[in-house]
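Asks: This is the structure alone, sequence omitted:
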């Protein structure tokens, strides 16, 4: 494939974040993306979820036990404000963290890398992976489905309840599959 100009319009630039995630999910489901391709993406997604829920707990504990707000609370507010002030400040900090989290930026960058890799492998056919996303699906729900699919293919019940990536046949015909296909194995 010819080298593209960095400012050239990409297929996925008009997609919503949910549509980008469902494209990655469907590409992995149909084995156009390999486990090595999405492993970093799944790790960054876990890291982002842990930081999303861990930040308020760490922030509240740090503000409450360090006594950082004691000078403000002790003289001007009632005694109960000792408990409420760290919670209010944590809420404001959490709102800022959700919007400027470096983990979310890394996750979005890795998502773009996966979409570029998918475009290299299947080119314009990548539009077929963009299904209609139900309104109730969030990006986190789609990432959860991707993690479940990855764990099914690489967990303890692989080859017992679920087919592994190595021995499963592609879900598309061999003429449109971007890799070489040999005796039930996917090889590069």
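Replies: Alright, I've got the coordinates. Predicted model only: the values in this text are computed from it and were never measured.
Asks: make it CA atoms for all contacts and neighbour counts henceforth
Replies: Noted.
Asks: I'd guessed residue 21 sits against residue 138; true?
Replies: No: checked against C-alpha atoms under 8 Å, the pair residue 21 and residue 138 is beyond contact range at 9.3 Å.
Asks: More neighbours: the two, which one.
Replies: More crowded of residue 21 and residue 138, by other C-alpha atoms under 10 Å: residue 21, with 24 against 16.
Asks: Show the subsequent helix or strand relative to the helix or strand harbouring residue 120.
Replies: According to DSSP states H and E, residue 120 maps onto helix 102-122. Using DSSP H and E, the helix or strand that follows helix 102-122 towards the C-terminus is helix 139-154.
Asks: Counting by contacts, list what that next one packs against.
Replies: When contacts are defined as 3 or more C-alpha pairs under 8 Å, 6 or more residues apart in numbering; DSSP states H and E, helix 139-154 sits against helix 17-29, helix 35-66.
Asks: nearest to residue 132, of these?
Replies: Residue 132 sits nearest to helix 17-29 of all the helices and strands packed on helix 139-154, at 7.8 Å, using C-alpha to C-alpha.
Asks: any residues touching that closest one, and which ones?
Replies: Identification of contacts with helix 17-29 by C-alpha atoms under 8 Å, 6 or more residues apart in numbering yields 12, 33-34, 111, 114-115, 118, 126, 129-133, 137-139, 142-143, 145-146, 149.
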